[in-house]
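In: Need a 3D model of the following:
(one chain, ligands or ions: 1)
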Amino acid sequence: MFFTVLTIFPEMFDPFWAHGIIRKAIEDQTIFASATNIRDYAEDRHQVTDDRPYGGGSGMVMKPEPLASAIRAATRTVPEAKTVLLTPQGSVFDQSMARELASFDGLVLVCGRYEGVDERVCHDLIDYEISTGDYVLTGGELAAMIVIDAVTRLIPGALGGEQAAEKDSFANGLLEHAHYTRPRIFEGNEVPEVLLSGHHQEIEKWRLESSLMRTLLKRSDLLQKKDLDQQEIEILKKWCHQIEKILGINDQRHKG
Ligand code: 4GX
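Out: Got it, this is the predicted structure:
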């Protein structure tokens, strides 16, 4: 996968490329990453990348010419690459979008600053408009890092041998189960007994129940979207039954 970032602050990406899974993926040539300064494509003496908005008002707009030249240069280098603009106006980024983007050979990520980008550039040269969430950043750089990070870990070989992208949150539409490590007792709190038992089938069942419970309590919207399998339905029905029993007993008390 080729990531090309277009930004007026390419140095923001130096520490991002230099750590952890991203660094390893670059070293292993699982990904190829670069950040290009849009200013390098400005033709005027002062290398200006912004201008005042037509119609007036405060703030500045990214000039179309340098940005268009930068995008064209990037897509000439990786012709199969898709272009992505990071903007609050985009579709909200999620794991399924990360999977879709991971299927391409290259991504050109355009980071806007100021009030935004001239509309004609968006219209003609951008394949995907993506928002990382409903809040306002000072520029698209952090959003581009989020997209690159989430996409990279889905590329085969990016995560170490035993780790696998299929096992974690959202791979199956559920939040991850609770995790524990040593010591067995921490500040008076014990690790659930079953995890010490070595009984793999029981452990898997406990983990599924933990996943389902956390998703139900913290993100019930995810459960509503999910296509539940038979085992998951059985667990939810069991809880439902238990809750109905408790409510039934309480009802009796109020009547009686
Ligand atoms: N998820 N911003 C981009 C400038 C801008 C505005 C319009 C292009 C079009 C953001 C987000 C985000 C703030 C980055 C405005 N560029 N990006 N910037 N949320 O808030 O991705």
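In: Please make it C-alpha for all contacts and neighbour counts, starting now.
Out: Will do.
In: The ligand contacts on this protein?
Out: Contact residues (Cα under 6 Å from any ligand atom) of the chain with the ligand: 86-88, 112-117, 131-140, 143.
In: Tell me which of those fall in helices.
Out: Members of the residues of the chain next to the ligand lying in helices (criterion: DSSP state H): Ala143.
In: Select only the buried ones of the residues of the chain next to the ligand in PyMOL?
Out: Command for PyMOL, covering only those of the residues of the chain next to the ligand found buried under the criterion 16 or more other Cα atoms under 10 Å:
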select buried, resi 86+87+88+112+113+116+117+131+132+133+139+140+143
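In: And the strand or helix carrying Ser69, what does it pack against?
Out: Ser69 is part of helix 64-77 when elements are defined by DSSP states H and E. For helix 64-77, the elements it packs on are strand 2-7, strand 106-111, helix 119-125, judged by 3 or more Cα pairs under 8 Å, 6 or more residues apart in numbering; DSSP states H and E.
In: between that helix and strand 106-111, how big is the angle?
Out: 160 degrees (axes from the mean of the first three to the mean of the last three Cα atoms, to 10 degrees).
In: how many neighbours does Ile21 have?
Out: 16 (other Cα atoms under 10 Å).
In: List the contacts of the helix or strand in which it is found.
Out: Taking DSSP H and E as the definition, Ile21 sits inside helix 20-27. Around helix 20-27, the neighbours that count as contacts under Cα atoms under 8 Å, 6 or more residues apart in numbering are Phe16, Trp17, Ile31, Phe32, Ala33, Asp149, Thr152, Arg153, Ala158, Leu159.
In: Show me what the strand or helix carrying Leu216 is packed against.
Out: Leu216 is part of helix 200-218 when elements are defined by DSSP H and E. Packing partners of helix 200-218 (3+ Cα pairs under 8 Å, 6+ apart): helix 220-225, helix 230-255.
In: Adding mean pLDDT and mean neighbour count, write those out as TSV.
Out: Below are the helices and strands packed on helix 200-218 laid out as TSV (pLDDT from 0 to 100; neighbours: other Cα atoms under 10 Å):
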stretch	mean pLDDT	mean neighbour count
helix 220-225	96	13
helix 230-255	95	11
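In: export these to TSV and tack on distance to Leu67?
Out: Putting those into TSV (distance: least, Cα to Cα, whole Å) gives the following:
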stretch	distance to Leu67
helix 220-225	38
helix 230-255	49
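In: Tell me which of the ones you listed sits nearest to Leu196.
Out: helix 230-255 (22.3 Å; Cα to Cα).
In: where does the closest one sit relative to the chain's centre, distance-wise?
Out: 36 Å (Cα atoms, centre = their mean, to the nearest Å).
In: Quick one: work out the angle between that helix and helix 200-218.
Out: 60 degrees.
In: Check which helices and strands helix 230-255 sits against.
Out: Using 3+ Cα pairs under 8 Å, 6+ apart, helix 230-255 is in contact with helix 200-218.
In: Next up, the contacts around Ala165.
Out: Ala165 sits in contact with Arg153, Leu154, Leu159, Ala171, where contact means Cα under 8 Å, 6+ apart.
In: how about those residues, which pair is most distant?
Out: Farthest apart among these - using Cα to Cα - are Leu159 and Ala171, which lie 14.5 Å from each other.
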